[in-house]
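> The following block contains a protein sequence and its predicted model.
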Amino acid sequence: MRNALDLFIEEKVHDSPGHKILFSDFCARFQMWLGNDERSYWTNRRIGKEIPYIKGKAGGEGQLYLGNISFEIGLNGLPMLIKENDRLVTK
């Protein structure tokens, strides 16, 4: 059975090799999309455990990102990101 996270990903997220989304931005958009009755269930920790994308730090600021996805359609042409030592790096 599909849950709210699966539905949000299906509606709002696109596979985009080489691109990344800040985990905090993903969580904020997902929380805004959810109904009031589901917001307390979907904590950032739960989202992090259930999301089907790789997570890791990127760049110098040490923030957590989700790799190979975008909120925009049609972004491609970049090398795939992989997780290496808790960081997202190009393959």
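Happy to help now that I have it. Residues are numbered from 1 along each chain as shown.
> Could you pull out the strands in the protein for me?
With strands called from DSSP state E, the chain shows them at 14-22, 55-57, 64-70, 81-84, 87-90.
> from what I can see R39 touches Q31, true?
Yes. The pair R39 / Q31 is scored as a contact, 5.7 Å apart, by CB atoms under 8 Å. Bear in mind the C-beta positions are built from the backbone N, C-alpha and C, glycine included.
> Could you identify the longest helix within this protein?
Criterion DSSP state H: the longest helix present in the chain is helix 23-33.
> how about the most centrally placed residue in the chain, what does it touch?
Centrality entry for the chain: nearest residue to the mean C-alpha point is L66, 4.0 Å, by CA atoms, centre = their mean. For L66, the set of contacting residues under the criterion of CB atoms under 8 Å, 6 or more residues apart in numbering consists of K20, I21, L22, F23, F26, I51, Y53, I54, K55.
> what about 6 Å?
Contact criterion CB atoms under 6 Å, 6 or more residues apart in numbering gives I21, F23, F26, Y53, K55 as the residues in contact with L66.
> For it, give its distance to N44.
Between L66 and N44 the distance is 12 Å, computed by CB to CB, to the nearest Å.
> where does the spatially closest residue to G48 that is not a sequence neighbour land on pLDDT?
By the measure of CB to CB, 6 or more residues apart in numbering, the closest residue to G48 outside its immediate chain neighbours is K55, 6.6 Å from it. Residue-level confidence at K55 comes out at 96, pLDDT.
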